[in-house]
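# this one's sequence-less:
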């Protein structure tokens, strides 16, 4: 018997149809309802859950009351148990608390329905300790933790439950500032990484030999960086799984969401703030290794504010090394990588074309612009 | 009695299915196809038994593990297998385009299968092979006309091997100028063939890829930023695999020449350029063609292919040796190439393929080649316009940008609407006896579909192909399950591709298969 968690954010996506670019906050929700918005997430959940019907008898679903999962499980005749009760108006705490309970109960998988905000709440509850599958229902889907469609998400969940040896990947949880987005400004933030099952065949057609997967690309990039490291130079390693691969290949501890500094292939300090970086650099030479966030492709100013304008001024433009698996570049669809520090003049001086390292000895010339 | 409907453009097709064992399983001990006659006494007297002169450590200890089977059963076996494929001779092979399956005249196969060709041996005395040397030399002369280059070698097998040969020339060139260590970067473009990056990378070069601008052409500003004193060469296809031609190519090559690098032209997409554009005028120092693509000489399943690698006069000595030359009286092999990269394939490569290309060019003439380019482009434009009438299918970048002889489409919208991917389309179209090429590297374009009609198909063929694709798109909106579960009419149902990523499951030989499937 497999035990899975089901969390539906029933209000996810309600703002979209009525042009609100999101549903974060009670005021926006009320406005959406006034404009005639209806709940879409519960129906999308049903589309996905139908894919689990072939293994219905082997499943116990832990879920929340009413439209957060109970109603959908009952409609489809699943074996379920309510582990969390919500009020009529649901909020982020419902998602957070339900996910925590599910982790404590040792679920094999959490299926959640929502948008970037929901993914953030799930991450805040379970970080990367539980395998999850996202069913897309939000207005904004920047986090690549969701299936392309509810049906595909359902199939992915089914596949994982039938074959737990399926490859597991850590994908970024990013979200944008909705208020700014309503004013046509895009500001993304990296919040963490969720573990998701990964089925490469769904992402692209292929012909042998298969192109490198993201993990292999990260490893190839890391080996290139390590082979070309210069002695007595401080390497400031920005956050992200791509940069983490460098530390992994050096068999060094690291802080996934923080900034680490190494020299001569040894740790100088983990999880540095701006002051730490400036102090350590002193009068020495430093090279900065950063990777863009998924979605909008922010290089600086989103999730790595420790690497401030003062730090950049000290390091200088020529010592910025940008690394990224090719898949992240593809996601940008030709849009430039972005920088947005606290110093507009500096940001402008950093604009231009950079060599983005995408593999061992492999680079792409790519444009970097100011993200205002 | 039910009348057979013949007015539909969408063809009813069902692939033959034979429960056909592989040839090793058909083997019966002692069964013989051909009994090889024993050598005549006089021959034995002259050359001995043919075995004892071979050093013992080079000889097998036992018999080779070949199947033992009679001629009739071999013939039946391969005829059955041939019915289980989607062969180019019974299909409208737009899906694979010039990748070996544009029309390859059977008469050329017949010429190449002539005993005078099949009995050739590369170590024959040169006086006995003047005919084929003349063919190679004259094909070289025609390639010069087509490209503007000065000398050609037919040794490289084309494709990746020709790109590798170009990268080898680049390295030798800079080595002899004392710049090998300094010039360690090669620039290419994102929609050039992946081998244009991979082959130089294998030679140790760092690769810098140029992305496209909003028109789908290589971004000139990015290119300018990439060129430096470290640049060894620029390796590029034009048109690229999107079908988009870079009209500013001379500006690109001039920049490289000025920076001291070499320009290398991958002309695998040359089908739409004959008589219209040449490598020389575009500023290239070397180029290669795939005879098995652009010149109607199929290589079939990976070999034998043949490339034609051409260089400007100053680079003649770097070519693989020997070159075929003519002294006004006889044809001979010139090994005196002091900077040669050496051999990249044995002897002259595949003379039979060169002969087929020679016959193909001679049958068309200069005007015919120009006609090929025009019809290939016209067919492509017709195909694009008709296919784009379907809602949800489009081409990336500006729709009205001219695609030369092929186009990369995107099914992104259809996929969003119906969940049907381009991979699904490739499987479903097999149910109608057709085929779609599934390589669209790099996968930058969502749900890509790359079609290259060539000059071969008639308007009727194109219409049938278009109608079939539209029929499947209709199915996608009306009954997507039928596509998800396709193919229905093929010998083999959906193949589990996951084993392609798992070396534990690869069986490159029969022996490995037996070992890996052995029950404990």
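That came through, no problem. No experiment lies behind these values; they were computed from the predicted model shown.

# Which positions within the longest helix seen in chain B qualify as buried?
Ranked by residue count and defined by DSSP state H, the top helix of chain B is helix B:351-387. Using 16 or more other CB atoms under 10 Å in any protein chain shown as the burial criterion, the residues of helix B:351-387 that qualify are B:351-361, B:364, B:369, B:372-373, B:375-377, B:379-384, B:386-387. For the C-beta atoms, the positions are set from N, CA and C on the backbone; glycine is no exception.

# do the same with stretch A:260-277
Buried residues in stretch A:260-277 (16+ other CB under 10 Å): A:260, A:261, A:262, A:263, A:268, A:269, A:270, A:272, A:276, A:277.

# how about these in JSON lines, adding secondary structure, distance to residue B:152 and pLDDT?
Converted to JSON lines, the buried residues of stretch A:260-277 look like this (DSSP: H, G, I helix; E, B strand; the rest coil; distance: CB to CB, whole Å; pLDDT from 0 to 100):
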{"residue": "A:260", "secondary structure": "strand", "distance to residue B:152": "55", "pLDDT": "96"}
{"residue": "A:261", "secondary structure": "strand", "distance to residue B:152": "56", "pLDDT": "97"}
{"residue": "A:262", "secondary structure": "strand", "distance to residue B:152": "52", "pLDDT": "97"}
{"residue": "A:263", "secondary structure": "strand", "distance to residue B:152": "54", "pLDDT": "97"}
{"residue": "A:268", "secondary structure": "strand", "distance to residue B:152": "58", "pLDDT": "97"}
{"residue": "A:269", "secondary structure": "strand", "distance to residue B:152": "61", "pLDDT": "96"}
{"residue": "A:270", "secondary structure": "coil", "distance to residue B:152": "60", "pLDDT": "95"}
{"residue": "A:272", "secondary structure": "coil", "distance to residue B:152": "59", "pLDDT": "93"}
{"residue": "A:276", "secondary structure": "helix", "distance to residue B:152": "62", "pLDDT": "94"}
{"residue": "A:277", "secondary structure": "helix", "distance to residue B:152": "58", "pLDDT": "95"}
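
# Out of the residues you listed, which is nearest to chain B?
For these, the closest approach to chain B (CB to the nearest CB) belongs to residue A:262, at 23.3 Å.

# Whatever helix or strand comes next after the longest helix of chain B vs chain A: in contact?
Counting by DSSP states H and E, the next helix or strand C-terminal to helix B:351-387 is strand B:407-410. No. Strand B:407-410 does not reach chain A (CB under 8 Å from any CB of the partner chain); its nearest approach is 11.2 Å.

# Please identify the pairing partners of the helix or strand harbouring residue B:186 and their relative orientation?
Taking DSSP H and E as the criterion, residue B:186 maps to strand B:185-189. Strand B:185-189 has the following strand partners under DSSP bridges: strand B:206-210 (parallel), strand B:231-237 (parallel).

# Out of those strands, which one sits most buried?
Of those, the one with the most neighbours on average (mean count of other CB atoms under 10 Å in any protein chain shown) is strand B:231-237, at a mean of 26.

# Tell me which helix or strand comes right after that one.
Downstream of strand B:231-237, the first helix or strand assigned by DSSP H and E is helix B:249-259.

# Looking at the one residue in the stretch 51-200 of chain B that gets nearest to chain A now. What's its pLDDT?
The minimum distance from the stretch 51-200 of chain B to chain A, using CB to the nearest CB, falls at residue B:197 (7.0 Å). Looking at residue B:197, its pLDDT reads 96.

# which residues in the stretch 201-350 of chain B form strands?
B:206-210, B:231-237, B:262-266, B:286-290, B:307-311, B:323-326, B:331-334 (DSSP state E, counting those that start in this stretch).
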